[in-house]
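K.L.:
what would the 3D arrangement of this be:
(one chain, ligands or ions: 1)
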Amino acid sequence: MTTMTDEKVNPTPILSWNSLNYDVKAKHGVRRVLHDISGSVYPGELVAIMGSSGAGKTTLLNVLAGRVQGGRLYGNIEFNGVKRKPSSFKRLLAYVEQDDLMFAQLSVRETLNTSAQLRLSDKKYSEEEKNERVDSVLRQLRLTHVGDSRIGGGGERGVSGGERKRVSIGVELVTDPSILVLDEPSSGLDSSSAEMVVALTKQMSVERRLCTLMTIHQPSAEMVALFDKIIVLAQGRLVYMGLASQAVDYFASIGFPSTHPNPANFLIDLTTVDFSSDSAMQKSEEHVRLLAETFAKHRDSALLTAKGSFESGVKTDCSQRNVDITPEVAAIALFEPAPMSRWLSEFQILMRREWALSVRNHSLVYGMATEPMVMMLFLGFVFFQLKHDQASVQNRIGALFSLSISCTFAVIIPGMTVIMSARDVVLRERSAGTYRMSSYFFARALCIYPLVYIPYTVMYTGAYFIAHLQYEASKFFIGMANMYAILFASLGFSFAVSMLVKKIEAAHIVTPVTLATLMLFAGNMSHAGAITPVLRWIKYICMYYYAYSGFVQNEFGGLEFECDTSSTLCYRTGEEVIATYGLDEFPIWLCIVLNLVLGVGLYIAAYCLLRWKAKPRYLWI
Ligand SMILES: Nc1ncnc2c1ncn2[C@@H]1O[C@H](COP(=O)(O)OP(=O)(O)OP(=O)(O)O)[C@@H](O)[C@H]1O
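P.N.:
I've put the predicted structure just below:
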């Protein structure tokens, strides 16, 4: 197997790293996860990072990809011979995560197409060129036959695991990366699918002169034969980095002849720490340290004699050049790579995608449409054809309060589920700088409105006429505007909680508790003007208060009631009811405006949280 390394053609490694050390917080102080790792890779190479579980493979990969969070990182990393710049490096690096984070409801072609549309520059590529790029990636990754199949996953039927992994790779390859990074691309795949993924990756590396780095746990002998270089880690130490084909010979030369037909199994056996007892652990840790020291000496001697047999490109290896470079401590990089498309075209692409996602989520669409219909029947028939007696006062109060409540729970909880279920994909896309957060935010928000506003308009109209609220056009439409305002605020609430809380389980606890608390301030369970002064302000940030005040003033205004002779308490006019409940603090139009303002405030809070709080804080050197 000839290596496709490029050191003769291009003596500068595409990526080189020197004296990488990474510390994390441990129970008793600090734990070193990576010890003094140096190395380099070249265009066209397929490099595997191997080692047993916990050896530090993913950590090293993330450090090299500029994706490590938390802890302290020391050392130097260079890209094309110079210090990396976060924005340009991220554009040229494609990172395929271990979990295939994609939308189950989109087809393979749609997934790749969206990535191409968003990540290929509008200035450099025409629409046809972008489509051609998608076709060529589909062909290269042997995905053409499943182009129209849904991705699936999470309970939805879709393409196979191997195909899904290839789509994840394709999402990154539709751009023009210089480095492709894959975290455990074979995990969860059967051996033939895993081999196919590695073989195709190899082919792409050669054809596109891509440098590919992947972590891999226990590859088959056939897969090892595809790698140009391997990096073997044990307990965060480098025990080998060099040609895959020479690894076994190297270990034999230092006294560890292969005991296994598969070199990967041999290397894992050789470097695994035995945790069965304290003495066994100490012994194997000593063994790993010895292997790392031996490799350091061998590599140094290879450098000194310029034989370069272990590591291709050693003559220009940064570990040689950087002897007098002081290792740097990583700073936190908070950057946003420059977007590739104009805001409006980004927004249109995302609108199309978000709309497809919304309408293809059948349980969501049916759920959001059915709930208001059920509510309409209950509201209409529990409060059927209201009259003008004293009982109808209580019934009207009940109907209007229920209407206010139904505009929150049944909107906020499904809304939150939709927004949060997309979170991981959005974070992946954000890490790659795929689009601006503002275009995503607007597209997501706009796509959810029809799913809420259409059924609620039907519900309101049905309930209004069945319950026989005041048959007056102005009252009907003012009530509807009031409902639209609380729906707007509810969706803002949905967005804010989705951005504030990381886990959906937590959101499902926080939301009902908050809403139940806010209900106390609506003016139904407590008199709006008689709440303890220290808590009274809460009604001003309570969407129920404004909506309920609006509904009550709209419906009761101008109504007259009959008093029966047996009753001591009698409301003669609607105005008396409004005054008794203290719901006349703001006129109706202001109630509507204040709910809209509350909604805008919640959207702004949600956007700020999305923009800054959810921003990954990667360590950068
Ligand atoms: N931020 C962190 N905080 C605490 N420990 C960490 C952190 N990052 C890595 N580690 C520890 O460093 C070690 C190496 O982790 P890493 O995920 O890189 O191993 P790995 O070789 O990829 O393992 P596996 O094959 O099981 O995924 C592990 O013991 C892990 O617990």
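K.L.:
following element in sequence after the longest helix anywhere in the chain, please.
P.N.:
Looking across the chain with DSSP state H, the single longest helix is helix 437-467. The helix or strand immediately downstream of helix 437-467 is helix 473-500, counting by DSSP states H and E.
K.L.:
just want the angle from that next one to helix 437-467.
P.N.:
Helix 473-500 runs at 140 degrees relative to helix 437-467, counting by axes from the mean of the first three to the mean of the last three C-alpha atoms, to 10 degrees.
K.L.:
what average pLDDT does helix 473-500 get?
P.N.:
Average pLDDT, helix 473-500: 96.
K.L.:
buried set for it?
P.N.:
Under the neighbour-count criterion of 16 or more other C-beta atoms under 10 Å, helix 473-500 has 475-476, 478-500 buried. No exception for glycine: its C-beta is placed from N, CA and C like everyone else's.
K.L.:
what's the following helix or strand after that helix?
P.N.:
Per DSSP H and E, the helix or strand that comes after helix 473-500 is helix 504-519.
K.L.:
which helices and strands sit right next to that next one?
P.N.:
Packing contacts for helix 504-519, counted by 3 or more C-beta pairs under 8 Å, 6 or more residues apart in numbering; DSSP states H and E, involve helix 409-421, helix 473-500, helix 543-556.
K.L.:
okay if I get those helices as CSV plus distance to Gln218?
P.N.:
Shown next, in CSV, are the helices and strands packed on helix 504-519 (distance: least, C-beta to C-beta, whole Å):
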stretch, distance to Gln218
helix 409-421, 33
helix 473-500, 39
helix 543-556, 55
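K.L.:
and the strands in the stretch 201-350 of the chain, which stretches?
P.N.:
211-215, 229-234, 237-243, 328-329, 331-333 (DSSP state E, counting those that start in this stretch).
K.L.:
so what's Phe347 up against?
P.N.:
Phe347 makes contact with 439, 442-443, according to C-beta atoms under 8 Å, 6 or more residues apart in numbering.
K.L.:
quick check: of those, which lies closest to Lys85?
P.N.:
Among the contacts of Phe347, Ser439 lies closest to Lys85 (C-beta to C-beta), at 24.3 Å.
K.L.:
my guess is the closest one meets Glu354, correct?
P.N.:
No. Look at Ser439 against Glu354 with C-beta atoms under 8 Å: they stay out of range, at 10.5 Å.
K.L.:
Lys123 - that's part of a helix, no?
P.N.:
No. Counting by DSSP: H, G, I helix; E, B strand; the rest coil, Lys123 falls outside a helix, being coil.
K.L.:
list the contacts for it?
P.N.:
Lys123 sits next to no residue when contact means C-beta under 8 Å, 6+ apart.
K.L.:
separation between it and the ligand?
P.N.:
Here Lys123 is placed at a distance of 39 Å from the ligand (C-beta to the nearest ligand atom, to the nearest Å).
K.L.:
which residues touch Gly152?
P.N.:
By C-beta under 8 Å, 6+ apart, the contact set of Gly152 is 104, 158-159, 164.
K.L.:
then Phe227?
P.N.:
Going by C-beta under 8 Å, 6+ apart, Phe227 touches 46-48, 219, 244.
K.L.:
please, which helix or strand holds the residue of the stretch 501-621 of the chain found nearest the ligand?
P.N.:
Closest contact between the stretch 501-621 of the chain and the ligand, by C-beta to the nearest ligand atom, is at Leu619 (10.1 Å). In the assignment (DSSP H and E), Leu619 maps to strand 618-620.
K.L.:
can you pull the buried residues of that strand?
P.N.:
Buried residues in strand 618-620 (16+ other C-beta under 10 Å): 618-620.
K.L.:
same check on stretch 251-259?
P.N.:
For stretch 251-259, by 16+ other C-beta under 10 Å, it's 251, 256, 258.
K.L.:
show me the shaky parts of the stretch 151-300 of the chain.
P.N.:
300 (pLDDT under 70).
K.L.:
and Met376, backbone torsions?
P.N.:
phi -60, psi -50 (degrees, to the nearest 10).
K.L.:
residue contacts, it?
P.N.:
Per C-beta under 8 Å, 6+ apart, neighbours of Met376: 458-460, 462-463, 466.
K.L.:
mind checking how far it is from Gly153?
P.N.:
Distance, Met376 to Gly153, by C-beta to C-beta, to the nearest Å: 35 Å.
K.L.:
just Gln348 next, same as before
P.N.:
Counting by C-beta to C-beta, the gap from Gln348 to Gly153 is 26 Å.
K.L.:
the two: which is more packed in?
P.N.:
Each of Gln348 and Gly153 has its neighbours counted (other C-beta atoms under 10 Å); Gly153 has more, 18 against 15.
K.L.:
that one against Arg164, yeah?
P.N.:
Yes. Using C-beta under 8 Å, Gly153 is in contact with Arg164, at 6.8 Å.
K.L.:
now list whatever residues contact both of these two.
P.N.:
Residues touching both Gly153 and Arg164 (C-beta under 8 Å, 6+ apart) are 100, 102.
K.L.:
hmm, Val501 is touching Val510, no?
P.N.:
Yes. If you go by C-beta under 8 Å, Val501 and Val510 touch, sitting 5.8 Å apart.
K.L.:
the two: which is more packed in?
P.N.:
Each of Val501 and Val510 has its neighbours counted (other C-beta under 10 Å); Val501 has more, 18 against 14.
K.L.:
so what's that one closest to, chain neighbours aside?
P.N.:
Leaving aside its chain neighbours, Val501 sits nearest to Ala507 (4.5 Å; criterion: C-beta to C-beta, 6 or more residues apart in numbering).
K.L.:
okay, now that neighbour: neighbour count?
P.N.:
Neighbours of Ala507 (other C-beta under 10 Å): 21.
K.L.:
wait, what's in contact with it?
P.N.:
416, 420, 497-498, 501.
K.L.:
pick out the residue closest to the middle of this structure.
P.N.:
Asp424 (2.1 Å; C-alpha atoms, centre = their mean).
K.L.:
residues touching that residue, list them.
P.N.:
Asp424 makes contact with 99, 101, according to C-beta under 8 Å, 6+ apart.
K.L.:
off-centre distance for the strand or helix carrying it?
P.N.:
Assigned by DSSP H and E, Asp424 belongs to helix 423-431. Relative to its chain's centre, helix 423-431 lies at 3 Å (C-alpha atoms, centre = their mean, to the nearest Å).
K.L.:
again, but for stretch 258-277
P.N.:
The chain centroid and the centroid of stretch 258-277 are separated by 36 Å under C-alpha atoms, centre = their mean.
K.L.:
that one near the ligand anywhere?
P.N.:
No. Counting by C-beta under 6 Å from any ligand atom, the ligand is not contacted by stretch 258-277; separation bottoms out at 10.3 Å.
K.L.:
get me the contact residues on this structure for the ligand.
P.N.:
For the chain, the residues in contact with the ligand (C-beta under 6 Å from any ligand atom) are 24, 33, 51, 53-59, 70-71, 215, 217.
K.L.:
okay, and which of these map to helices?
P.N.:
57-59.
K.L.:
now the helices for the stretch 201-350 of the chain?
P.N.:
Ranges of helices in the stretch 201-350 of the chain, per DSSP state H, counting those that start in this stretch, are 221-226, 247-253, 263-271, 278-305, 318-321, 343-360.
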